[in-house]
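Student: Sequence and predicted structure below; questions after.
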Amino acid sequence: MQWNQLIRDVIALAQGASSNIAITGVEYDSRRVRAGSVFVAMRGGTTDGNRYIDAAIQQGAAGILTDSPEVFAQLASSHPEIPRLLVEHGRNALAQASAAYFGHPERKLHSTGVTGTNGKTTTAFLIEALLNAASRSSILVGTIEYHVADEVRPSAHTTPESRDLFELMADGASLGATELVMEVSSHALDQGRVAEVGFDVAVFTNLTRDHLDYHRTMEDYFAAKQLLFDGTRYPAPRVSVLNAGDPYSRQLASSAKQAGSGIVTYGVNIPADWRAEDIKLTPAGAEFTLITSQGSAELRSALAGEVNVLNLLAALAAANARGIAFHALVNAIPTLHPVPGRFQPVDAGQPFTVIVDYAHTDDALRNLTALARQLVGPGQGRILTLFGCGGDRDRTKRPKMGQAAGQGSDFVIVTSDNPRSEAPGAIIAEILPGLAATQTPYIIEPDRAKAIALALQQAASGDVILIAGKGHEKEQILRDRTIFFDDAQVALSALRSLGYGEGL
């Protein structure tokens, strides 16, 4: 591809002289620039890519896209030989240039986006599984991992930068994928990382307190989520699938409908287009009656808990919106499996239940402990919850998480999560007021591995041990280093040291 071909799809305020120079890539990180790359220099929340233009040129950048008028003018004299483009929005330009360079893979894929505070990962996994069961090849982009047709790749971000997303899409399309399913974070929506994608179906799971270190207020947090539906920054989806039980869905439905989107709702024991009734929960999963305008069915799911019934309803409605028939969806339910780190059991033959879950907000902890209480039953066992809070993140949720854990548990172990640059003891001190107010017994052990061992030593027959906060993550981020840390593996090792057999 040549420079003049690439920039046809980029909305520009001004451009330098035309050029037929060959382009070998599009990059937003100067360290990845190679000979022939186009470097997109854009202002971000923590840094300004325009500061790295000289470094990019030294590494062989063949063209520059910049959102700085001053830099654009300076390049005319400092590097007149390099073609340049001035754009208004750096991230939009990155998406436009990437889409063009990678051959517009978005035009070959039908995209489904999932947003919300909780349930994104499970819902996205389930949608992909339902599409695959109907013989559709897909790309999955999310928190745990990426799937490109049948290939599994590590996940760097829940929602990657548009350049990396378009590369994934192009790889998948070349392998025959026709569907894209992705988690769409509020950060990504606010920053423009999904520009140029165009979602056919968009799913809203819920909205509870999270990420206020970034968004500052719940109103701003909701406004970012709403961008996926209201048509103001991105094209409105053809179909919006909304949680009828979440209070924010009414406003989303109104704005999405005004933007021309069709509305499909889902819920548990409430009026909705896809609803579940007569739910029976067991440690092995859930049984319920599915009721829709297309038919009803008695279903048995291997995903435990009412929250996963809700996630399954969202996935069924979204897959149906993508053209999968009702009977095909029903037939696919037995093939669905729990998602790693989402209510994941750790089994070494012990007489109590050990669950690893990603719950890292107060609402998610409430849901998790409520689910565990449903499984234990009255007077049949205790709920022991282990959790911490991440460092360099929203501090206001720490006492709320302490309160949620205390209210839902019989015993709590407070430990470290990913402390990052903060002292674990300081983080724990901010958790304790909310926990102490519940008068639930607790202990403190900042060392997460020791805390997991202590939790298991406290367990008796019939108890449920909840190891919350990290879920699928395989590392712990400390002040001075990052170490390998897998909650499930640490728990399994501790169980074996207690004399329980092989499992997992």
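Tutor: Okay, I see it.
Student: Now do the contacts for the closest residue to D392 other than its chain neighbours.
Tutor: Residue nearest to D392 in three dimensions, not counting chain neighbours: R420, with 4.3 Å by CB to CB, 6 or more residues apart in numbering. C-beta: built from backbone N, CA, C; applies to glycine. By CB atoms under 8 Å, 6 or more residues apart in numbering, the contact list for R420 reads G390, G391, D392, R393, I477, L478, R479.
Student: helix, strand or coil for R420?
Tutor: Going by DSSP: H, G, I helix; E, B strand; the rest coil, the secondary structure assigned to R420 is coil.
Student: returning to that earlier point: which one among the contacts of R420 gets closest to V239?
Tutor: Closest to V239 out of the contacts of R420 is R393 (33.3 Å), distances taken as CB to CB.
Student: per-residue confidence for that closest one?
Tutor: Listed pLDDT for R393 reads 89.
Student: gap between it and I467?
Tutor: To I467, R393 is 19 Å away according to CB to CB, to the nearest Å.
Student: These two: who's more crowded?
Tutor: Between R393 and I467, counted using other CB atoms under 10 Å, the more crowded position is I467 (28 against 19).
Student: While we're on the more buried one, how confident is the model there?
Tutor: Looking at I467, the pLDDT reads 98.
Student: Work out for me the element it sits within.
Tutor: strand 464-468 (DSSP states H and E).
Student: For that strand, which helices and strands make contact with it?
Tutor: The contact analysis (3 or more CB pairs under 8 Å, 6 or more residues apart in numbering; DSSP states H and E) places strand 464-468 against strand 353-357, helix 362-376, strand 383-387, helix 448-458, helix 487-497.
Student: neighbouring strands for the helix or strand just after that strand, and are they parallel or not?
Tutor: Once strand 464-468 ends, the next helix or strand along the chain (criterion: DSSP H and E) is strand 475-477. Here strand 475-477 is paired, per DSSP bridges, with strand 482-484 (antiparallel).
Student: so how far is the strand it pairs with from its chain's centroid?
Tutor: 21 Å (CA atoms, centre = their mean, to the nearest Å).
Student: contacts for it?
Tutor: Counting by CB under 8 Å, 6+ apart, K474, E475, Q476 sit against strand 482-484.
Student: One more pass at 10 Å, please.
Tutor: N418, R420, K474, E475, Q476, I477 (CB atoms under 10 Å, 6 or more residues apart in numbering).
Student: Of these - the most surrounded one?
Tutor: N418 (24 neighbours).
Student: Could you measure from it over to T158?
Tutor: 15 Å.
Student: before we move on, what about H110?
Tutor: 21 Å.
Student: hang on, isn't A259 packed against F229?
Tutor: Yes. Counting by CB atoms under 10 Å, A259 does reach F229; the two are 7.1 Å apart.
Student: what touches both of those two?
Tutor: In contact with both A259 and F229: A236, P237, S240, using CB under 10 Å, 6+ apart.
Student: Which other helices and strands does the helix or strand hosting L290 contact?
Tutor: Assigned by DSSP H and E, L290 belongs to strand 285-292. Packed against strand 285-292, as judged by 3 or more CB pairs under 10 Å, 6 or more residues apart in numbering; DSSP states H and E, are the following elements: strand 262-268, strand 274-282, strand 295-301, helix 306-321, helix 326-332.
Student: And the fourth one, what's buried?
Tutor: Translated: helix 306-321. 306-321 (16 or more other CB atoms under 10 Å).
Student: That helix versus helix 362-376: what angle between them?
Tutor: 110 degrees (axes from the mean of the first three to the mean of the last three CA atoms, to 10 degrees).
Student: Now name the helix or strand holding Q74.
Tutor: Q74 belongs to helix 69-78 when assigned by DSSP H and E.
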